[in-house]
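1. Predicted model follows, preceded by the sequence.
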Amino acid sequence: MSDAYDETNVHDDVVTLVVPADGGYLSVLRTATAGLAARLHYTLERIEDLRIAVDEACAMLLVITPPDAELTCRFEIGAEQLVISIAAPVKDGARLPSPTSWPWHVLTSLTAQATAELAANEATIRMVSQRFSG
């Protein structure tokens, strides 16, 4: 059996991690992001960009989550893109930062696309990274 990574078999694989909504656990999500991006042959610069984007998205969510909440990070590995969705329950009346804020500027400059949804007391930030750059 070979440990070699076969890119031809990567079509819509999904990895989901759930961690406490506490800054001390963000390193787990950053490490998972880097590991998956490395497996997908991202450059070191693009790996670091994704790590920063995940960190920024989590930081936005942590300030609006109730105590004892969890962050759910879902990595969807497609043939052409990597989609990272981070979701968490939010406090009543909580809002995500404005789309013109610095955190959103960071996310949109480090990923191909970044969006957010706030519904039913849960916020989700979704980031798309193209797997192959031309």
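-> That came through, no problem. Numbers count the residues shown, from 1 in each chain.
2. going forward, measure contacts and count neighbours with C-alpha atoms only.
-> OK.
3. Tell me how far residue 45 lies from residue 82.
-> As defined by Cα to Cα, to the nearest Å, residue 45 lies at a distance of 16 Å from residue 82.
4. For those two, work out which one has more neighbours and name it.
-> For residue 45 versus residue 82, neighbours defined as other Cα atoms under 10 Å are more numerous around residue 82 (21 against 9).
5. quick one: contacts for residue 65?
-> With contacts taken as Cα atoms under 8 Å, 6 or more residues apart in numbering, residue 65 has the following neighbours: 21, 88, 89, 90, 91.
6. Now it. Its backbone dihedrals?
-> Dihedral angles phi and psi of residue 65 (degrees, to the nearest 10) take the values phi -90, psi 150.
7. State the pLDDT value of it.
-> Looking at residue 65, its pLDDT reads 96.
8. Now it. Nearest residue, chain neighbours left out?
-> residue 90 (4.3 Å; Cα to Cα, 6 or more residues apart in numbering).
9. quick one: the one you found and residue 123 touch, right?
-> Yes. Using Cα atoms under 8 Å, residue 90 makes contact with residue 123 at a distance of 6.5 Å.
10. Report the set of residues contacting both of the two.
-> The overlap between the contact sets of residue 90 and residue 123 (Cα under 8 Å, 6+ apart) consists of residue 61.
11. Which helix runs longest in this structure?
-> Counting by DSSP state H, the longest helix found in the chain is helix 44-62.
12. Can you name every helix or strand that the next helix or strand after that one contacts?
-> Remark: after helix 44-62, the chain's next helix or strand is strand 70-77, criterion DSSP states H and E. Other helices and strands packing on strand 70-77, by 3 or more Cα pairs under 8 Å, 6 or more residues apart in numbering; DSSP states H and E, are strand 13-20, strand 81-89.
13. Can you classify the nearest residue to residue 115 once chain neighbours are set aside as helix, strand or coil?
-> Taking Cα to Cα, 6+ apart as the measure, residue 115 lies nearest to residue 126, with 5.2 Å between them; neighbours along the chain are not counted. Here residue 126 takes the strand state, with states given by DSSP: H, G, I helix; E, B strand; the rest coil.
14. Done for today, thanks.
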